[in-house]
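J.: Here is my input; please provide its structure:
(one chain, ligands or ions: 2)
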Amino acid sequence: MDDLSYQSGYGNTFSSEALPGSLPATQNSPLLCPNSLYAEQISGTSFTSPRNLNLRSWLYRIKPSVTHEPFKPRVKGKSFLLSEFNQCNSSATPTQLRWKPIDIPSSPTDFIDGLFTVCGAGSSFLRHGFAIHMYTANKSMENSAFCSADGDFLVVPQKGRLWITTECGRLQVSPGEIAVLPQGFRFSVDLPDGPSRGYVAEIFGTHFQLPDLGPIGANGLAAPRDFLAPTAWFDESHRPGYTIVQKFGGELFTAKQDFSPFNVVAWHGNYVPYKYDLSKFCPYNTVLFDHSDPSINTVLTAPTDKPGVALLDFVIFPPRWLVAEHTFRPPYYHRNCMSEFMGLIHGGYEAKADGFLPGGSSLHSCMTPHGPDTKTYEATIAQGNEAGPFRIKDTMAFMVEVDFEFLEKKLKPLLGFPLFVLCCVVGVLENSWEDFECDQYNDVLIRVKERFDSK
Ligand SMILES: O=C(O)Cc1cc(O)ccc1O
Ligand SMILES: [Fe+2]
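T.: Ligands and ions are numbered 1, 2, ... in the order given. I've put the predicted structure just below:
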């Protein structure tokens with residue numbers, strides 16, 4: 001892919017034409033569209049949502065999406081995803097959990113086959129909840145596109161760039177950037193660097209938005225202009241056997257068609273995929289004493305109807321200066337009514353001297369005590385009150401904070417129970433206020449995946 005051009009601005013209504021004159025000038029659905037294109041609306045909110053929340057785009061395409069063969073269940077990879085969490089398919093534990101980075105498979109695996117659910121809560125059917133997935137992949141998707149009918153995908157690449165073709169155009173996303181692929185948009189992922197790994201936060205029943213800034217004022221944190229939407233790009237070739245893989249209720253379905261879904265010549269609207277470079281984030285923080293709550297670093301938020309309560313906040317811990325006086329500067333020890341999933345994109349994380357690795361994750365469910373590990377605590381105390389300004393470098397951690405109790409997806413009933421026993425035994429043996437490391441989960445998960453791959 002050459003260098004791409006983007007359109008800037010969060011929540012804007014954009015217009016884009018890959019062929020000039022392809023957008024109808026005065027209406028959305030003329031009897032005959034310019035260049036004989038088909039007009040198709042994609043709605044991200046109900047038709048009657050208030051205007052300030054209403055999301056929809058009009059796509060002008062060579063062939064309408066409906067011209068496909070019927071959807072059928074896709075068997076391969078089926079059991080790795082979940083969008084309805086209950087105590088039969090998932091388990092809840094107040095124990096602190098931490099995972100090592102998942103190994104990238106050596107057998108050919110694309111983004112769809114390498115995607116698996118780690119945890120979540122709620123239900124896509126009831127349009128309330130979320131899921132955390134991870135992906136490990138080593139090859140580009142071929143003659144296929146993916147789409148989640150369940151919710152918006154916020155993708156956080158940790159290793160390897162993602163070249164994402166969407167119906168609105170193309171996005172090049174590097175580790176350190178994020179991409180949002182809203183519910184229903186079809187996309188295909190190419191891996192220019194080969195082995196790739198990353199995280200996905202999926203939300204059901206709502207969409208991401210920029211947080212309010214309150215007393216911070218009109219500027220700061222993630223600036224609207226740094227969010228980049230694609231420009232129209234299309235593929236008009238005949239593509240026999242092209243497969244749409246649609247995630248619906250956590251299950252994968254496939255439908256064949258003889259054309260690429262990336263056949264949109266022009267589009268306009270405010271329901272769009274976009275990307276954001278986390279290094280553009282303008283952090284606000286303590287300038288005198290005490291440690292700020294992490295909400296100060298919210299990049300994007302997905303609201304609930306409860307005032308001030310997010311369904312899911314995407315929060316980062318970027319490089320920044322620490323200057324607080326007579327203050328314990330790392331994250332404080334705490335228990336939270338919200339639940340916290342964390343990942344590390346690169347470098348180290350300020351609360352964990354050991355064990356939390358790039359590509360790894362941690363899970364602290366609601367009211368589970370957590371905080372800095374012993375080494376971090378001791379090093380901080382050793383610096384004493386005289387610690388001067390200090391710049392945290394080479395770091396990019398993130399937290400997904402949710403208003404749910406996390407449920408961890410069970411692997412397979414047979415493996416799940418012995419694993420649970422193993423985790424309990426190791427947990428008891430550790431008997432420590434430091435995070436309990438659940439490496440066994442990683443190993444078992446890889447083995448389960450291999451078993452499925454070989455079928
Ligand atoms: O638990 C964590 O490491 C995340 C976190 C960071 C922080 O600076 C304050 C609170 C918090 O939950
Ligand atoms: Fe926390």
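
J.: now T395, which residues is it bridged with?
T.: G347 (DSSP bridges).

J.: distance of it from F356?
T.: Plainly put, T395 is 11 Å away from F356 if you go by C-beta to C-beta, to the nearest Å. Bear in mind the C-beta positions are built from the backbone N, C-alpha and C, glycine included.

J.: Those two - which one has more neighbours?
T.: Between T395 and F356, counted using other C-beta atoms under 10 Å, F356 has the larger neighbour count: 22 against 18.

J.: list the contacts for the closest residue to that one other than its chain neighbours?
T.: Computed as C-beta to C-beta, 6 or more residues apart in numbering, the closest residue to F356 that is not its neighbour in sequence is Y349, at 5.1 Å. For Y349, the contacting residues are F317, M342, F356, T395, A397, by C-beta atoms under 8 Å, 6 or more residues apart in numbering.

J.: 7 Å - rerun?
T.: Shown in contact with Y349 (C-beta atoms under 7 Å, 6 or more residues apart in numbering): F317, F356, T395, A397.

J.: again, but for E40
T.: Contact analysis of E40 by C-beta under 7 Å, 6+ apart lists L59, R61, P64, S65.

J.: My guess is N54 contacts T45. True?
T.: Yes. Using C-beta atoms under 7 Å, N54 makes contact with T45 at a distance of 5.3 Å.

J.: What is the three-state secondary structure of P64?
T.: coil (DSSP: H, G, I helix; E, B strand; the rest coil).

J.: And stretch 100-112, how far out from the chain middle?
T.: Mean-position distance between stretch 100-112 and its chain equals 17 Å (C-alpha atoms, centre = their mean, to the nearest Å).

J.: ok, now stretch 236-249?
T.: For stretch 236-249, the distance to the chain centre is 22 Å (C-alpha atoms, centre = their mean).

J.: tell me which residues in that stretch are buried?
T.: The neighbour-count check on stretch 236-249 (16 or more other C-beta atoms under 10 Å) flags R239, Y242, T243, I244, V245, Q246, K247, F248 as buried.

J.: Over to stretch 92-112?
T.: Buried residues in stretch 92-112, counted by 16+ other C-beta under 10 Å: 93, 95-102, 104-105, 109-112.

J.: Output it as CSV, nothing but the C-alphas.
T.: This file holds the C-alpha atoms of stretch 92-112, laid out as CSV (Å, rounded to 0.1, in the frame of the first residue of the first chain):
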residue,chain,number,x,y,z
ALA,A,92,-15.6,-15.2,37.4
THR,A,93,-12.9,-14.9,40.0
PRO,A,94,-11.9,-12.0,42.2
THR,A,95,-8.3,-13.3,42.0
GLN,A,96,-5.8,-11.0,40.4
LEU,A,97,-4.9,-12.5,37.0
ARG,A,98,-2.0,-11.8,34.7
TRP,A,99,-1.1,-13.4,31.4
LYS,A,100,2.1,-13.7,29.5
PRO,A,101,2.1,-12.6,25.9
ILE,A,102,0.4,-15.3,23.7
ASP,A,103,2.9,-16.9,21.3
ILE,A,104,2.3,-16.2,17.6
PRO,A,105,1.4,-19.5,15.9
SER,A,106,3.7,-21.0,13.4
SER,A,107,0.9,-22.5,11.3
PRO,A,108,-0.7,-20.1,8.8
THR,A,109,-3.1,-18.0,10.7
ASP,A,110,-4.9,-14.8,9.6
PHE,A,111,-6.7,-12.2,11.7
ILE,A,112,-10.0,-14.1,11.8
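
J.: what about that stretch and ligand 1, any contact?
T.: No. Stretch 92-112 is not in contact with ligand 1 by C-beta under 6 Å from any ligand atom; minimum separation 10.0 Å.

J.: Measure how far that stretch is from the centre of its chain, please.
T.: 15 Å.

J.: Write out the residues of the chain neighbouring ligand 1.
T.: P294, P331, H334, E340, A351, H370, M399.

J.: Quick one, which of those residues are buried?
T.: The neighbour count (16+ other C-beta under 10 Å) marks P294, P331, E340, A351, H370, M399 as buried among those.

J.: Beta-bridge partners for the fifth one, please?
T.: Under DSSP bridges, the beta-bridge partners of H370 are H334.

J.: I'd say it and T95 touch.
T.: No. Here H370 lies out of contact with T95, judged by C-beta under 7 Å, at a distance of 10.6 Å.

J.: does whichever residue of the stretch 251-400 of the chain sits closest to ligand 1 count as helix, strand or coil?
T.: Ranked by C-beta to the nearest ligand atom, the top residue of the stretch 251-400 of the chain for proximity to ligand 1 is P331, at 3.3 Å. Three-state call for P331 (three-state DSSP): coil.

J.: which phi and psi does it have?
T.: phi -50, psi 140 (degrees, to the nearest 10).

J.: Identify the residues contacting it.
T.: Going by C-beta under 7 Å, 6+ apart, P331 touches H291, E350, A351, G371, P372.

J.: May I see those residues arranged in a markdown table, with distance to K72 as well?
T.: What follows is those, written out as a markdown table (distance: C-beta to C-beta, whole Å):
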| residue | distance to K72 |
| --- | --- |
| H291 | 53 |
| E350 | 48 |
| A351 | 47 |
| G371 | 49 |
| P372 | 50 |
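
J.: May I have the predicted confidence score for the closest residue to ligand 1 within the stretch 51-200 of the chain?
T.: For the stretch 51-200 of the chain and ligand 1, the shortest gap (C-beta to the nearest ligand atom) falls at Q96, measuring 10.0 Å. Model confidence at Q96, given as pLDDT, is 89.

J.: No further queries at this time; thank you.
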